[in-house]
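[1] just coords:
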């Protein structure tokens, strides 16, 4: 295998959905899933996950902390359709119905290393004031037919959304054989080939 | 004189001279300066001095001569700066004063020349010769010169100025010489001076008085007056005043000398009565009428007006033009046809219109700088002056002419030195002498030039310093700073000693040279003196002799004495020239050196002007200054571009900056036709919100043809205005006197002036050819501009535009390509010739695309990986869901593409393997293409999303739903009869294999055929047994119950079970017993979408069918030996196919559920089975029910989970229907949908070309094939059945499959017959049309049926009852037939109307088909909307070709062969034997079946078979199908399962018969049978 040269590269991501900032809401949980192109396939780990319900911290930060781990490995032949993580956050409304509090998506980082991402979250808006009222009243807010919609660009022009809050994610990315297949994702990738060397000029 | 003092003096002198130039007196200078000047040894006193000091009447020519004599001298020496060639305006005229002065001069000249010309007219005497004498320069400004021309000459020189002045005086004098001057009158000069200098704005009458006074007054008085009144004041006067006073003065003068009436006619003011004026105007002016022009006038004769709008052509909205304007224009065009030509071009195009092509002039106006502006403060004035001087300095410094001349002098001196050196002289003596002489004269010239240059440099430097000092003192005085200008003088140290030496050496050299020169001069003079002396002596002698003679004649000719002084004067006794005084010479040289050169050891001063100073902020300024600054802010400037005296565009209005600069930076592209005549910029100023004022006009030169855009330099063109502005703040105003001094002395007048920086160039066309009008249009002025290149004279007028000619000329004339003057020309030529004007014959939209291609196209095609990626992104069906495209080419199998390539190939090649019949192959190909194009359209439409595609949102509940939900609250929790709740629908996108199941619930079946007792071959078939296919229920009583006795008691009649196969998955139920079994079993079949694509479009195109086959399970005792019966049971289970129901998946997909009783498709002959109805009838059960033949099965089919069916395309198709009709259809449909939302209502349909067509257009009587009509001429019912059968033989191809749920496409009947494929509506339309043609009353029924769902049937009205025809099967049903598959009726469509069912029920059983009742049927066309008589889309008649029988026979053989091979293939592990005897028997039998349409043949057939094949147990049946292609035939044979029999000694028989109908409609019969030999 190694002699013949790799035919796929691997992208291993672990990390966690750390916390969220939703100033108006409490008792939220989140779901994540991945959207990736046709040349990608998950080889290990969980592709989807649903977190525990968390309440706001009592301090000034009012952070909603999940620390919900992500651990997934993909293989691919083509960087086209690079995986995106899609997050959707849910929580109870005044009547206790579970309603969506935000959707968001972000590409997994390209380069190996530790990355922190803060995703702005949004929800689709009702088409009219009356709809808004009834949806609020009945606890059935407008939702995406599929959360994966937020990872694609097609058809978004028909929707209107409202920003809601932020979710912070932490990724640790390891790639394998990307460079051998001719994809250069930055200087830190060189380490995989030439071996570790301390950066010059670094004061010790 | 200390240097500083001198500096000041020099600077003031400069001013002095300038003022003298103005011709109005240097007396304004301080008397000290004036005195100094007079002290000068040269007799170069200003003309005004002459005027004032030498007022001798007697010697008029003297001042003239003096003037002209002194000039050359002054040019070379003292007046160096002024004697320069006409100063280029760019460098010199920056001074406001200057331009102003110049303007004034012009006006004066104009006035003067006008006066002179008047003079000339009035005194037509030839000019006195004397006046011509003062030299050739005079000639230029002779009286003959046009006054206008003179006024136009902007570059008038000082000397010409003074000359003209003198000349003017002369002319005055001339007049005066004729009449004797009355004593006491002021001299001409005095008068002139008086009136030119002492301007009184009073009118003529009041001037009369001072004149009178002046008569008595002395010249002294006038002089005093002159001295008292500074002449500067005169400048303050307006030009007009000047003009008036000047002319008045002259007129007055002449009036004094002559009778005023001689010259000036006093007349009353001209008056023309308004009537006369109008009359005259009428002759001159053309006023078009405002009345509307009648149409006939506008048109040529015998021509009808056209209204393009009415003809359906698009007419754009016209610009809004008032009616009167239009009328005026029309009138004008009518009467003035040739005079006005309308050029349909944009407004920028100016020209007479008939010159071909258009040309472009690019005018780049970059900005404007005021060198003087009314809002200038005093400091600004100084700053402007300083900047001007500094610019001059820089220019001079760059040229450094003094240095150059010094070097030249040095070189010349060296040359002379070496020339004098005898050792080095190789040439002959006289040539050396000659060159030395030449050198010497050159040295002299150069020295003079150098001295002048040096002096100028020095003076300039001094002036700069002086102005800067003034500015500094002004800033101190006013305690604020307005301008950021700052002058720094940098001192450069020099070596004093060396400097002194050089200085001294220079002076010595000069002195020696001068001495030498003087010596030479002295020599010459002495020579001349001697000669003159000799002459004089001779003359003297002669004179003496003459005198003696003449002594007596003196009294007789007294005048001669007067006339003779001149001749007498000439031969004065020559004075011997004085020898040169060396000391004096040296003194002169030193003085000059001191004046013009830097003192030895004096540091070199280098001024540097910077904008580093800071401007005092507003709050620290006095109020007047703040006011000024605010005023500046309020002003804005714009420029108008005037082309050939027409305004073509204007710049934006830009505010005036604090530094009096305005930046425009606009480029105007003037598209022109002809060579431009003039190009002018008008400078307009806007103050606040008040109006705009024209400041000045700037004439721009028209560029040469070599100046093209991008190469044109920015030029500064000066302008100045004569406007007079007084401001009440710190601004100095324009045309108003002001002073820098505290006491108001030393006044200055400045006029608004400035510079426009612009560039004018010819644009370059897209192919690099400059857009310049052809040379033939250019005037002479242009040619002179191009004289340098002189290309025109050599290549003719066709011009520079012909670049090839130009290039040729350039080559021939050996134009120096390195000469910078020729650079633009050469470049132009090289550009034009090198490219050889390669014009590509394509247009590139994205020229830069090449840059972004990461690999070349070839590589992209070669690489399998890239190809795969491309195909996938194009959503090519084979690759749409290709996962994990390998990273390397080598990992991609070649066979991946094979299918795709094959398909591509097949698109063009008609495949003959599957489509045996070429016509069908063609049709299939055509259908495939239609399908592809429609699918492509659909794929595009698929990418248009609706909100509901993306977002799930609860609908706003309306009142009824709210009420219902409230009502629901009170509902019982567990009702006794629960309602069915709809399942949640799932969008198909996030599904995968195995997620979807098809649920088939098989409930029960009716009337399954029962086995016949195994009849021995000896037994005659009983005629009494009911044939299973007996149609009419007329004979239920005829049946004999006896035959049930045929069955062995223990044996049930039939043991049917159901097998469901879908996508080759097979499930079957348990076996039930009896002809009316009840299974009630649910079968689950997994569904697999093609290539794992669960998108809506993919699901829609699933072509798989659900086959529900009913089999009879037969147990056969395999026991050979009866003896073994006791010990074991050996039976073989055989299953015999009884019939099938085929339901397409697409129906399930779109219907979501299929629930109903379906007719089982049972072959017409089912050997060994007959239909058992005895029991039903015996029991008397349902005897009234109209017995329909056939067996039925009740099914419920659905999918789990329920899928959301794809919606039809949201595209709105265009239509050729009347808009009103379309609106009516929409309204009709909306109304119907409101009442009965679930009933199908169809008004418009889409035809095959994608256009919306009103549905009734499809219905029209059409002739059925003649063959069918002739078949049974006497039986209309039979004919109808035959026709229905014919229609049903046309293959069925559902639209939903071919056009993936997009829409129903309705083809016309001829298209349908050509395609030989179509779905229900095509069949129904054709059938309906046939029925109409047969004279029946027929309608199209739109409704829903099972299993098809929404479909189209045909309703006919027989004598008393209605018949419902299923067009696809050819069967018909009575209205009250319970087994009629049509379950609901939405609307009826006739050839001329549509009726919507508004009855409570929609089941055909329960409705009334009488469409004449408006309460039951809502008609589309009614009294409110009459039927407009729509033409049909159907052809006039259908033409049927006879089908080639031979071809059909050939096809028949081939099908048989293929099917036999297939059956053998399906039995890979068994030997397949063919019973040829049976086959031939079957083949013989099939035509009979066709003839009888599958009825009433069984018994004969059976008997025959039994006779022939008595030893065989026989199981088989004929299949009947319309022929479309081979595959369905194979499928049908396969589904019967005949091949599944695995009895070792089984034999098979297969026969195919094809019966051709007209128009290539083929009826295919396949008889399959299995035979087992009975022991």
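    That came through, no problem. Keep in mind it's a predicted model, so treat the numbers as computed, not measured.
[2] where does pLDDT dip in the stretch 451-600 of chain B?
    Scanning the stretch 451-600 of chain B for pLDDT under 70 picks out the ranges B:550-574, B:576-580, B:596-600.
[3] and the strands in it, which stretches?
    For the stretch 451-600 of chain B, strands defined by DSSP state E, counting those that start in this stretch occupy the ranges B:486-492.
[4] so for the residue nearest the centre of chain A, what's the pLDDT?
    By CA atoms, centre = their mean, chain A has its centre lying nearest to residue A:85, at 3.2 Å. For residue A:85, the pLDDT comes out at 95.
[5] residues of chain A that sit close to chain B?
    Counting by CB under 8 Å from any CB of the partner chain, the residues of chain A close to chain B are A:6-9, A:38-41, A:76-78, A:80, A:124, A:126-128, A:130-131, A:134-135, A:138, A:140, A:142-146, A:148-149, A:154-159, A:181. (C-beta placed from N, C-alpha, C; glycine too.)
[6] just the buried ones from those residues?
    Burial by neighbour count, judged by 16 or more other CB atoms under 10 Å in any protein chain shown, picks out A:6-9, A:38-40, A:76-78, A:124, A:126-127, A:131, A:134-135, A:142-144, A:146, A:148-149, A:159, A:181 from these.
[7] sorry, back to before: which of the residues of chain A next to chain B fall within strands?
    A:9, A:40-41, A:76, A:124, A:143-144 (DSSP state E).
[8] pLDDT and distance to residue B:1398 for those residues - can I get that in JSON lines?
    Compiled in JSON lines, these are given as follows (pLDDT from 0 to 100; distance: CB to CB, whole Å):
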{"residue": "A:9", "pLDDT": "91", "distance to residue B:1398": "68"}
{"residue": "A:40", "pLDDT": "91", "distance to residue B:1398": "57"}
{"residue": "A:41", "pLDDT": "90", "distance to residue B:1398": "58"}
{"residue": "A:76", "pLDDT": "91", "distance to residue B:1398": "61"}
{"residue": "A:124", "pLDDT": "91", "distance to residue B:1398": "41"}
{"residue": "A:143", "pLDDT": "88", "distance to residue B:1398": "40"}
{"residue": "A:144", "pLDDT": "89", "distance to residue B:1398": "42"}
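[9] who does the longest strand seen in chain A pair with, and is each partner parallel or antiparallel?
    When chain A is parsed with DSSP E, its longest strand is strand A:161-176. Strand A:161-176 pairs in its sheet with strand A:9-21 (antiparallel), strand A:113-124 (antiparallel), by DSSP bridges.
[10] returning to what we had before: can you tell me how far the residue nearest to the centre of chain A is from residue B:1320?
    50 Å (CB to CB, to the nearest Å).
[11] by mean pLDDT, point me to the weakest helix or strand of chain A.
    Least confident element among the helices and strands of chain A, by mean pLDDT, DSSP states H and E: helix A:191-194 (a mean of 44).
[12] quick one, phi psi at residue B:614?
    Backbone torsions of residue B:614, given as degrees, to the nearest 10, read phi -100, psi 140.
[13] contact partners for it?
    By CB atoms under 8 Å, 6 or more residues apart in numbering or on different chains, the contact set of residue B:614 is B:481, B:484.
[14] try 10 Å this time
    Contacts of residue B:614 were listed using CB atoms under 10 Å, 6 or more residues apart in numbering or on different chains, and they are B:481, B:484, B:486.
[15] tell me the pLDDT of it.
    74.
[16] and residue B:1034, by the same measure?
    In this prediction, residue B:1034 has a pLDDT value of 36.
[17] swap in the one 4 residues further on?
    Reading off the confidence values, residue B:1038 has pLDDT 36.
[18] the closest residue to residue B:644 other than its chain neighbours: what secondary structure?
    Of all residues not flanking residue B:644 in the chain, residue B:677 sits nearest, at 4.8 Å (CB to CB, 6 or more residues apart in numbering or on different chains). What DSSP: H, G, I helix; E, B strand; the rest coil gives for residue B:677 is coil.
[19] is it true that residue B:677 touches residue B:699?
    No. Contact criterion CB atoms under 10 Å: residue B:677 and residue B:699 do not qualify, at 11.4 Å.
[20] re the thing from before, please tell me how far the residue nearest to residue B:644 sits from residue B:1086.
    Residue B:677 is 90 Å from residue B:1086, where distance means CB to CB.
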